[in-house]
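Novice: One predicted model, sequence on top.
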Number of protein chains: 4
Amino acid sequence: MPWDELKPRKFVAFEKELDGISKQTMEDHYKLYEGYAKKANECRRRLNEFDYSEIEGNQVFSELRAVSIDYTFALLGYKNHDLYFGHLGGEGGQPDGRFAEIVDDEFNGVDKWFDAVKKAASAARGWVMVGYDLNDGSIFNYIMDTQNLWAVYNMVPVLAIDVYEHAYVRDFGATPDGRKQYVEAFFRNLDWDHVNRQLGQAEAAKEGADRTGLQEEHPVGA
Amino acid sequence: MPWDELKPRKFVAFEKELDGISKQTMEDHYKLYEGYAKKANECRRRLNEFDYSEIEGNQVFSELRAVSIDYTFALLGYKNHDLYFGHLGGEGGQPDGRFAEIVDDEFNGVDKWFDAVKKAASAARGWVMVGYDLNDGSIFNYIMDTQNLWAVYNMVPVLAIDVYEHAYVRDFGATPDGRKQYVEAFFRNLDWDHVNRQLGQAEAAKEGADRTGLQEEHPVGA
Amino acid sequence: MPWDELKPRKFVAFEKELDGISKQTMEDHYKLYEGYAKKANECRRRLNEFDYSEIEGNQVFSELRAVSIDYTFALLGYKNHDLYFGHLGGEGGQPDGRFAEIVDDEFNGVDKWFDAVKKAASAARGWVMVGYDLNDGSIFNYIMDTQNLWAVYNMVPVLAIDVYEHAYVRDFGATPDGRKQYVEAFFRNLDWDHVNRQLGQAEAAKEGADRTGLQEEHPVGA
Amino acid sequence: MPWDELKPRKFVAFEKELDGISKQTMEDHYKLYEGYAKKANECRRRLNEFDYSEIEGNQVFSELRAVSIDYTFALLGYKNHDLYFGHLGGEGGQPDGRFAEIVDDEFNGVDKWFDAVKKAASAARGWVMVGYDLNDGSIFNYIMDTQNLWAVYNMVPVLAIDVYEHAYVRDFGATPDGRKQYVEAFFRNLDWDHVNRQLGQAEAAKEGADRTGLQEEHPVGA
């Protein structure tokens, strides 16, 4: 089954002074990330140890159900933060490179994408995940309410903005205005090269799949 | 933004007599699929027409929030069924090809994977999605409670089992036993080549991404 | 802790021929109700047996968390169906008695409430729960997506319409139109006296609470 | 329909120095409460203005659906905080009065209830709601993940512990340990009389309903 033992990684963001996001916030945040890794490993171990010929499968309540579902909370808690921490420690500024190109194209201007993603960051309860769709190569600002709520598959995330309250309350306050100031700070510390490396992988993944010629024609006839 | 106008496709499953799954069930089911395409297109249109400099972003209630989230319900409603209908019309039997190889390896035997996926099908409220993880190439039986609930990203689905009640109530009854009989019937009609074509794309996607050399080292010495 | 052993009850609806809702649907439906009672009892037993000084409380994954939450799914699965089955076996027709009075008042006409509740029945994924709010004595058509999703507290349900697919797929088909026909059939079989008995309890509950004089003033001059 | 215009109330907790919970946290928290009231009023207004003979009812996406559901988020966001703020400003200490009696009885000791509720506070993602069940007069520590997630009906809340991160991150840090310290602080500032006043209303509500004689026999011999 998936993943060897997950291990929290080190990130350059923790060796720098960020602009507006405090060391204390980052250190507390890292402890949550460690917790997600630990719980993902625990769920994984439970899932590996189940005897599937004997175990109960029940959709009202069953251990299999509970562990399988909260495993995705733990796993995405790990993956989300792994991406987020990797973003930080950069110089901010305007999007550039391929990312700028693709959002310029899809949103009719980089500024319009910026408006859209900031509004999404006010409208989400957990994350905004700017994701690349492997079916059609489009970009979308996904709203996620928790670590695993309203994620979609066939999607590779390229830019992850944590808007859980733990990301900003200490530094900016728990209010909607506090969140807005935090989102501005996030973008001041963003490493756009890191974003573009995610996008590079996403586009290469799509190209790899496309080259197989195994896709359905989409749409067929109708 | 993503996807041109989604159009419901045609599937060979609708030109055949399936074993245990009635024409009526399939025809009603297809109407739901058409409904997801229509609603995904409607949400997409709304999202394209928003003026993001003016629109309210609010995490308690806002149109942006509501449309963005239920868009994922509609979109995955389309994608889930597109995959599911593509599976049907086959000869069933044991998993073969690369899929058999990979689950044999991960679950210590194809039979154990079969046990596990059938238990997952009893424990889910909507779908079991056997998915390929683009980070590590593992396979997992994801439990989904609705079209979009507990999906994960960086995952390519290779085998989709619809366990919404609409898939089986008419033919097998609304009980847990009815569901089990339906899952058996699903596997009798499954086209394993179709599953292997999804897996082929998933593996090629991972290889494409891996070749870029853009990944983080994972984990980086903790 | 709550509830003695839950036991599935008998209902007059099962001794009658309903108009449009088949015996087979009702019998399968009853098995689900028995399942909810069984699982609620199991969760309750687990909750009673936990050693709370030792047990892990963890918000990512913990047994305490999993059992506590799916207990509400099981419990409301029982309560929802207990109310629903109690409604059926009546003569249908227009709302009458106190219920008619109260919705006439709140929706500016019984017909308008009927329009509203039918639209809610098309918009919900699980239940429409017409509920009486103990704070202010108002009536609202709550949309519920599962047995326990978007329920509210301080609310006494007076009219429960099951729109899970198990309630209608066999008799009317899995389509939106099938659901509409089922909702019409539901109302043809509704015992309005049963609804008015729920409302009688709800109003008496509010009166009981009000007589204590223990409420906060609401609102207290802001 | 329910509720006149909701208005944020004043609470004694805001005129005191709390032990461990800062003024700044309380003031930011109050702004969220005002936001819930405002949004509940907005949703209510939209629901009142819909033309139910014309409006679309659709379970994939429809305005009716979106507003109806997030209305419960806004409404419970208001009610939850109204209860929580009312609790604070007390002297803490051990539970007393009727509340002590009832949890002593159900949990075999007040200390055991205290253990259980603190573990629940670590296992929840949003609230612990100690609720009184109107069916059987039992007490349960409900885990809620958001303002409206996993609430149940026929339940009157008597003790509400906010464990959203906004309640504790500024004062105690975003970690699990920070949350534990906050929960201790919450109990040091709790006004048990306020809790007992909620319980008094809950018990009176049940008595009021019981006196009607309108209940189903529960269970009716199966």
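Specialist: Arrived safely, thanks for sending.

Novice: right, is the strand or helix carrying A:Tyr142 up against chain B?
Specialist: Using DSSP states H and E, A:Tyr142 sits in strand A:139-144. Yes - residues of strand A:139-144 contacting chain B under C-beta under 8 Å from any C-beta of the partner chain: A:Ile139, A:Phe140, A:Asn141, A:Tyr142, A:Ile143. Where you see a C-beta, it was placed from the backbone N, CA and C, and this is true even at glycine.

Novice: who's in contact with the third one?
Specialist: The contact partners of A:Asn141, by C-beta atoms under 8 Å, 6 or more residues apart in numbering or on different chains, come to A:Trp113, A:Ala116, A:Val117, A:Ala120, A:Val128, A:Met129, A:Val130, B:Ser68.

Novice: at 10 Å instead, please
Specialist: With contact taken as C-beta atoms under 10 Å, 6 or more residues apart in numbering or on different chains, A:Asn141 is in contact with A:103, A:107, A:113, A:116-121, A:123-124, A:128-131, A:159, A:161, B:1, B:47, B:52, B:64, B:68.

Novice: same check, this time on the last one
Specialist: A:Ile143 makes contact with A:120-121, A:123-129, A:149-150, A:163, B:57, B:59, B:64-69, B:71-72 under the criterion C-beta under 10 Å, 6+ apart.

Novice: Look up how far B:Ala66 lies from it.
Specialist: According to C-beta to C-beta, to the nearest Å, A:Ile143 and B:Ala66 sit 10 Å apart.

Novice: again, but for the second one
Specialist: Remark: distance between A:Phe140 and B:Ala66 (C-beta to C-beta) = 16 Å.

Novice: which helix of chain A spans the most residues?
Specialist: Assignment by DSSP state H gives helix A:23-49 as the longest helix of chain A.

Novice: any idea of the angle that one forms with strand B:139-144?
Specialist: 110 degrees (axes from the mean of the first three to the mean of the last three C-alpha atoms, to 10 degrees).

Novice: Quick one: check helix A:23-49 for contact with chain C.
Specialist: Yes - applying C-beta under 10 Å from any C-beta of the partner chain, one finds helix A:23-49 touching chain C at A:Leu32, A:Gly35, A:Tyr36, A:Lys38, A:Lys39, A:Ala40, A:Glu42, A:Cys43, A:Arg46.

Novice: So what's the residue count around the fourth one?
Specialist: Counted with other C-beta atoms under 10 Å in any protein chain shown, the neighbours of A:Lys38 add up to 16.

Novice: Does it touch A:Tyr78 like I think?
Specialist: Yes - between A:Lys38 and A:Tyr78 a contact is recorded at 9.3 Å, counting by C-beta atoms under 10 Å.

Novice: what do these two both touch?
Specialist: A:Leu6, A:Pro8.

Novice: So which elements touch the strand or helix carrying A:Arg98?
Specialist: Element membership of A:Arg98, judged by DSSP H and E, is helix A:97-107. In this structure, helix A:97-107 makes packing contacts with helix A:110-123, strand A:127-133, strand A:139-144, strand A:155-162, helix A:192-211, judged by 3 or more C-beta pairs under 10 Å, 6 or more residues apart in numbering or on different chains; DSSP states H and E.

Novice: Output these in a markdown table; the columns should cover distance to D:Tyr84 and mean pLDDT.
Specialist: Converted to a markdown table, the helices and strands packed on helix A:97-107 look like this (distance: least, C-beta to C-beta, whole Å; pLDDT from 0 to 100):
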| stretch | distance to D:Tyr84 | mean pLDDT |
| --- | --- | --- |
| helix A:110-123 | 24 | 98 |
| strand A:127-133 | 26 | 98 |
| strand A:139-144 | 26 | 97 |
| strand A:155-162 | 25 | 98 |
| helix A:192-211 | 39 | 98 |
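
Novice: got the ones you listed as TSV, with distance to C:Gln181 columns?
Specialist: Formatted as TSV, the helices and strands packed on helix A:97-107 follow (distance: least, C-beta to C-beta, whole Å):
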stretch	distance to C:Gln181
helix A:110-123	37
strand A:127-133	37
strand A:139-144	35
strand A:155-162	38
helix A:192-211	43
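
Novice: returning to that earlier point: could you pick out which of the contacts of A:Ile143 are near chain D?
Specialist: Answer for the contacts of A:Ile143 near chain D (C-beta under 10 Å from any C-beta): A:Arg125, A:Gly126, A:Leu149, B:Gln59, B:Arg65, B:Ala66, B:Val67, B:Ile69, B:Tyr71.

Novice: picking up where we left off before, from the residues of strand A:139-144 next to chain B, which is closest to B:Val12?
Specialist: Checking the residues of strand A:139-144 next to chain B against B:Val12 by C-beta to C-beta gives A:Phe140 as the nearest, at 30.9 Å.

Novice: So in terms of bridging, what pairs with the closest one?
Specialist: A:Gly131 (DSSP bridges).

Novice: got the contact list for it?
Specialist: A:106, A:116, A:120, A:129-133, A:152, A:155, B:1-3, B:44, B:47, B:68, B:71-72, B:75.

Novice: And the residue nearest the centre of chain A?
Specialist: The residue lying closest to the centre of chain A (C-alpha atoms, centre = their mean) is A:Asn80, at 3.8 Å.

Novice: if I read this right, that residue contacts A:Tyr142, doesn't it?
Specialist: No - applying C-beta under 10 Å, one finds A:Asn80 not in contact with A:Tyr142, separated by 11.5 Å.

Novice: which neighbours do these two share?
Specialist: With C-beta under 10 Å, 6+ apart, A:Asn80 and A:Tyr142 have common neighbours A:Trp127, A:Met129, A:Ala151, A:Pro157, A:Ala160, B:Tyr153.

Novice: how many other residues sit next to the closest residue to the first one other than its chain neighbours?
Specialist: Closest residue in space to A:Trp127, ignoring its immediate chain neighbours: A:Met144 at 4.0 Å, by C-beta to C-beta, 6 or more residues apart in numbering or on different chains. Taking other C-beta under 10 Å as the criterion, the count of residues near A:Met144 is 30.

Novice: go on, A:Glu49?
Specialist: Quick note: A:Glu49 (other C-beta under 10 Å) scores 7 neighbours.

Novice: same question, A:Ser122
Specialist: The burial count for A:Ser122: 19, using other C-beta under 10 Å.

Novice: and it, what is it in contact with?
Specialist: A:128, A:163, A:176, A:179-180, A:183, B:56-59, B:62, B:64-65.

Novice: Of the residues you listed - the most surrounded one?
Specialist: That'd be A:Val128 among these, by other C-beta under 10 Å, with 27 neighbours.

Novice: ok now stretch A:162-169, how far from the chain's centre?
Specialist: On the basis of C-alpha atoms, centre = their mean, to the nearest Å, stretch A:162-169 is displaced by 14 Å from the centre of the chain it belongs to.

Novice: thinking again about what came up before, neighbour-wise, which of the residues of helix A:23-49 next to chain C leads?
Specialist: A:Ala40 (26 neighbours).

Novice: Enumerate every residue touching the nearest residue to A:Val158 once chain neighbours are set aside.
Specialist: Leaving aside its sequence neighbours, A:Val158 sits nearest to A:Gln198 (C-beta to C-beta, 6+ apart; 4.1 Å). Neighbouring residues of A:Gln198 by C-beta under 10 Å, 6+ apart: A:83, A:86-87, A:99, A:130-132, A:156-160, B:209, B:214-216.

Novice: repeat for A:Gly93
Specialist: So A:Gly93 contacts A:Phe187, A:Arg188, A:Leu190, A:Trp192 (C-beta under 10 Å, 6+ apart).

Novice: Can you flag the buried ones in these?
Specialist: Using 16 or more other C-beta atoms under 10 Å in any protein chain shown as the burial test, the contacts of A:Gly93 include A:Phe187, A:Leu190, A:Trp192 as buried.

Novice: How about the contacts made by the last one?
Specialist: What that stands for is A:Trp192. So A:Trp192 contacts A:His87, A:Gly90, A:Glu91, A:Gly92, A:Gly93, A:Gln94, A:Pro95, A:Asp96, A:Gly97, A:Phe99, A:Ala100, A:Leu159 (C-beta under 10 Å, 6+ apart).
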